[in-house]
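> how would this look folded up:
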Amino acid sequence: QVQLVESGGGLVQAGGSLRLSCAAAGSIFSINYMGWYRQAPGKQRELIATITSDGSTNYADSVKGRFTISRDNAKNTVYLQMNSLKPEDTAAYYCNTGLVTNPPDRRYLEVWGQGTLVTVSS
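Just a heads-up that it's a prediction; the model follows:
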């Protein structure tokens, strides 16, 4: 009914930059928040950044000042600009959103993307 499609991962050298995109598609009435998580091998999934419908943002301490989350409400798309990448940023990055589906259902859903891999070489 609703899916998230991520893109933009890849291999980059330390100090480099990448931009992740995540587009929500389907029966969407409104999107409450959009965010990014990541999961490194052998570690738990952690919250990286979130952005609400009014543009309020929140970041994990580990990425503050290096990563920037933004969204295009007209396109139901969220972006994660990652600068000054470090080898410890290597992980699978997942998009996440909380939204309300179109009438008549008007259900609140939490949806996850399939993940995109970011590898930062030293």
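> Pro87 versus the spatially closest residue to Leu47 that is not a sequence neighbour, what's the distance?
Excluding its sequence neighbours, the residue lying closest to Leu47 (Cβ to Cβ, 6 or more residues apart in numbering) is Tyr37, at 5.5 Å. Backbone N, C-alpha and C define where each C-beta goes, glycine included. Relative to Pro87, Tyr37 is positioned 19 Å away (Cβ to Cβ, to the nearest Å).
> So which of these two has more stuff around it?
Shown here are Tyr37 and Pro87; by other Cβ atoms under 10 Å, Tyr37 has more neighbours (21 against 11).
> who touches stretch 98-105?
Outside of stretch 98-105, the residues that reach it under the criterion Cβ atoms under 8 Å, 6 or more residues apart in numbering are 1-2, 24, 26-33, 106-111.
> Ala74 versus the residue nearest to Leu47, what's the distance?
For Tyr37, the distance to Ala74 - Cβ to Cβ - is 24 Å.
> can you check Ala14 too?
In this view, Ala14 and Ala74 are 35 Å apart by Cβ to Cβ.
> the more surrounded of the two?
A side-by-side neighbour count of Ala14 and Ala74, using other Cβ under 10 Å, places Ala14 first with 13 against 6.
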